[in-house]
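S.K.: Next one to model:
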Amino acid sequence: MSPPIGRILLIKPSALGDVCRSMPILASLRNAHPGARIDWLVQEDFADVVRGHPALHAAVTFPRRAWRRWWHPGVMAEVLGFARALGRARYDLVLDLQGLLRSGFFMWSTGARRRVGWRHAREGAWLAANERHLVRGGPDATERMLALLEDAGVKLVRDARIHLPPGAAEAWRSARGDLGVDGRFVMLAPTSRWAAKRWPAERWRELAAGLMERGHRVVMVGAPSEQAQVRAVMPPGGALNLCGRLPLAQWLAAIADADAVVANDSAAVHAAAGLGRPLVGIYGATDPRHVGPYQRGDCVVSAEGEPPSDPHAYRHDAMAARMATIGVERVRSALERELSRGPRW
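M.R.: Coordinates of the predicted model:
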């Protein structure tokens with residue numbers, strides 16, 4: 001008989017959208033091990049996405065940006081100290097849902113008696129696992145993670161809800177007046193790190209202007225580094241630019257407060273899905289069957305034709321032509337449908 005599992009570590013450090021769409025993993029682990037301590041290893045910038053979840057004991061964070069130059073002696077000392085602390089935590093079960101060199105190193109550092117990963121994880125990460133499974137579960141990224149859990153003997157619970165971190169809703173309510181957010185609003189997230197994922201700026205301007213003509217307050221959001229992208233899509237007169245002005249916890253609370261969210265394939269799509277908001281995701285350079293909002297495929301407006309078979313096609317600027325095939329009327333119609341449906345929870 002196997003000894004009981006008392007301490008579990010879930011390793012899913014990034015990216016922000018991937019962390020948002022991983023909530024069913026946490027719900028499944030809690031259902032399978034109701035008395036266990038469950039921690040989540042995540043980069044510190046994204047920890048607020050998971051901190052409020054009732055199934056979680058603690059977020060175990062690391063400063064990814066500060067550790068980029070890991071070979072420098074001072075940084076190396078910090079990384080090794082962090083690895084030793086993972087070993088001292090004495091986890092019984094560790095799951096690597098990232099499958100890369102860094103996550104494999106973290107899993108190996110725990111010394112856990114059960115270290116679960118994919119058999120063909122990249123960058124040698126498979127070597128850190130002592131329990132290896134084939135990738136399965138179909139094209140959807142979340143379903144593939146859930147399949148790994150199932151192969152490890154965990155009964156699945158497909159509860160994708162994101163829970164706001166403590167104090168986030170209160171902080172947003174206190175800040176929204178000073179930010180100029182009075183009353184109800186539709187949130188537009190028109191940015192992306194990758195140019196090929198961006199719906200054309202003139203389409204965003206037309207959509208925003210039409211929403212304002214219909215009496216909607218429009219709020220634009222993005223990361224601090226995306227100011228130029230947001231300025232390029234601002235319609236004349238009335239939309240509110242909050243790009244770079246919301247800490248992550250308040251950004252989540254603002255999404256939870258929005259009447260609806262419209263976004264490119266980005267973290268905002270997955271956050272809105274996890275918070276149950278009316279949502280339209282605009283996809284062209286990526287395949288929504290793989291990276292669309294979990295359990296919300298009906299909220300996607302896709303480019304015409306077959307989606308790219310290469311999962312990294314979005315890195316090529318030429319793929320932007322697919323986004324240009326998506327007309328404003330398709331997005332507007334999808335948004336009106338979502339607004340009429342209302343929140344999912």
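S.K.: What helices and strands are in contact with the lengthiest strand in the chain?
M.R.: Ranked by number of residues, the top strand in the chain under DSSP state E is strand 37-43. If you count contacts as 3 or more C-beta pairs under 8 Å, 6 or more residues apart in numbering; DSSP states H and E, strand 37-43 packs onto strand 7-11, helix 23-32, strand 58-62. Quick note: C-beta positions are derived from backbone N, CA and C, even for glycine.
S.K.: Okay, now the sheet partners of the last one, with direction.
M.R.: Using DSSP bridges, the strands paired with strand 58-62 are strand 37-43 (parallel).
S.K.: As JSON lines, the helices and strands packed on strand 37-43 with mean pLDDT, distance to residue 234 and mean neighbour count would be great.
M.R.: Listed next are these as JSON lines, based on pLDDT from 0 to 100; distance: least, C-beta to C-beta, whole Å; neighbours: other C-beta atoms under 10 Å:
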{"stretch": "strand 7-11", "mean pLDDT": "98", "distance to residue 234": "39", "mean neighbour count": "23"}
{"stretch": "helix 23-32", "mean pLDDT": "98", "distance to residue 234": "33", "mean neighbour count": "21"}
{"stretch": "strand 58-62", "mean pLDDT": "97", "distance to residue 234": "34", "mean neighbour count": "18"}
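S.K.: which helices and strands does the helix ranked longest in the chain pack with?
M.R.: Among all segments of the chain classified by DSSP state H, the helix with the greatest residue count is helix 73-88. In this structure, helix 73-88 makes packing contacts with helix 101-110, judged by 3+ C-beta pairs under 8 Å, 6+ apart.
S.K.: List the buried residues of the helix it packs on.
M.R.: The neighbour-count criterion (16 or more other C-beta atoms under 10 Å) identifies 102-110 as the buried residues of helix 101-110.
S.K.: what angle sits between it and strand 7-11?
M.R.: Using axes from the mean of the first three to the mean of the last three C-alpha atoms, to 10 degrees, one finds that helix 101-110 and strand 7-11 are set 170 degrees apart in direction.
S.K.: Which SSE is immediately downstream of helix 101-110?
M.R.: In the C-terminal direction, the helix or strand that comes right after helix 101-110 (DSSP states H and E) is strand 114-118.
S.K.: average model confidence for the helix or strand just after that following strand?
M.R.: Going down the chain from strand 114-118, the next helix or strand is strand 131-133, by DSSP H and E. Confidence over strand 131-133, taken as the mean pLDDT, stands at 98.
S.K.: Check which element follows the longest helix of the chain along the chain.
M.R.: strand 93-96.
S.K.: Is residue 219 within a helix or a strand, and which one?
M.R.: Counting by DSSP H and E, the element that carries residue 219 is strand 218-220.
S.K.: And for that strand, what's in contact with it?
M.R.: Strand 218-220 is contacted by residues 181, 185-190, 208, 211-212, 230, 233-235, 238-243, 254, 258 when judged by C-beta atoms under 8 Å, 6 or more residues apart in numbering.
S.K.: Mind checking which of the residues you listed are buried?
M.R.: Burial by neighbour count, judged by 16+ other C-beta under 10 Å, picks out 181, 185-190, 208, 211-212, 230, 233-235, 239-243, 254, 258 from those.
S.K.: Which positions in stretch 159-177 come out as buried?
M.R.: Residues 160, 162-165, 168-169, 171-172, 175-176 are the ones in stretch 159-177 that count as buried (16+ other C-beta under 10 Å).
S.K.: go on, stretch 68-78?
M.R.: In stretch 68-78, not a single residue counts as buried (criterion: 16+ other C-beta under 10 Å).
S.K.: cool, stretch 245-263 as well?
M.R.: Burial within stretch 245-263, assessed by neighbour count using 16+ other C-beta under 10 Å, is assigned to 246, 248-263.
S.K.: ok so, going back, now the element after the strand holding residue 219, going C-ward?
M.R.: Next along from strand 218-220, by DSSP H and E: helix 227-233.
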